[in-house]
Structure formats: structure tokens, C-alpha cells
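1. test case, fold it:
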Amino acid sequence: DVHAMRCACNEADDADVLVYNTCSIRDKSEQKVYSILGRQAKRKRENPHLRIVVAGCVAQQEGEQLLRRVPEVDLVMGPQHANRIDELLLQVEQHAHQVVATEPIKIMEDIAQPRRDSDLSAWVNIIYGCNERCTYCVVPTTRGVEQSRPLSAPAWPGLSPPLCTSRWRALLQSCIMNMG
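-> All right, here's what the predicted structure looks like:
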């Protein structure tokens, strides 16, 4: 059961699912990924129930070539598929085959569940990807074309505007009192 795989381990050798979130900015990063995958491939041959996931920009760039180079990998997924990891792992489990998810998609985020570090702030993605073609940058080729948060998306994810307004007002009053 994919949903039961929600424990964190201190050592990769203790994990049932390994997720390598990769970066392709420097060649050394890519080579490190292949080195680590080589060590884990041996473990996968000994334990076929181990799941190996390669995510991020190296996964996006390499795609199926990554599977040819390290056939023990179960799932290759680009950054725009990160919110689908449970669904993609379920495909691996149910169909007993490797999955490559690197095709460009319209990113669908759960705007009702922003990442919160406190009651007063939340991380809300405004834009994904990029349309610029800077010679030194891989973002357009690995993250895809620019996708903005839809205008129809709530301005205050997870909170009703009146509640937000009252919290902001309370915060402002607190700041003004502390300054005076």
C-alpha cells in the first residue's frame, strides 16, 4: 500500500522507497546520481520490493535513457509531476512496470493545502517554469514553459478572506504597539 509508506529513515539502506530529488545544474551532480543509483541497483536486485524513484531535473532531462542506464529504477518523474508521486508509485505497484513521467503537463496544485510554517504565513506557488532562454539556464528545458497561478485561484488559500483580514489586522496592531 503506497499510503502506508510514509515513514522517514535515517539510512537509505533501511528504506522501502528511495526518492532521489536531482539537480542538473552541474555535471558533477548528475554523475553523483548515477553513482548512488549504481549502489542502490545492487540492493534492488537482492530485494525486488525496493522502489527506486528518480525525481527532479536530471530525471526530466534523461527520461527513458535513465531507465536504460539503470534498469532497476522504478519511477522517473520530472519536477512538474512531484505532486503525483503517490499516484505514480501506485502505477508501478499495480502494473509491475517502470513509469516515466516527464511529459509537459498543466500543473494542478491543491490550493486548499498550502505549505504552512505558521498561522501567519504560507508557501503558495505563483509561477512554475520559465519562457526565457538564458544560455546558462536549464529551467525552461527541465521545468517546462511558464505556468502562472490561475486568476480564479483564491487569494488566501486555506483561509477565508475575513479571517485573513482579522489576522493581518491583529498582526499589524501588534507590530505598531511593539514599535511605540
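
2. name the element residue 18 belongs to?
-> Per DSSP states H and E: residue 18 is located in strand 17-22.

3. show me what that strand packs onto, helices and strands only.
-> helix 27-46, strand 51-56, helix 57-62 (3 or more Cβ pairs under 8 Å, 6 or more residues apart in numbering; DSSP states H and E). Any C-beta I mention is one placed from the backbone N, CA and C, and that applies to glycine too.

4. the ones you listed: which one's closest to residue 20?
-> strand 51-56 (5.2 Å; Cβ to Cβ).

5. list the buried residues in that closest one.
-> 51-56 (16 or more other Cβ atoms under 10 Å).

6. again, but for stretch 66-85
-> 66-67, 70, 72-82, 84-85.

7. just stretch 92-101 next, same as before
-> If you call a residue buried by 16+ other Cβ under 10 Å, then stretch 92-101 has these buried ones: 92, 98-101.

8. the helices in this structure, which residues?
-> Applying DSSP state H to the chain gives helices spanning 27-46, 57-62, 64-69, 85-95, 139-142, 161-179.

9. make CSV out of these and add distance to residue 119 and mean pLDDT.
-> As requested, those are arranged in CSV below (distance: least, Cβ to Cβ, whole Å; pLDDT from 0 to 100):
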stretch, distance to residue 119, mean pLDDT
helix 27-46, 37, 88
helix 57-62, 33, 88
helix 64-69, 41, 94
helix 85-95, 27, 92
helix 139-142, 32, 72
helix 161-179, 7, 54
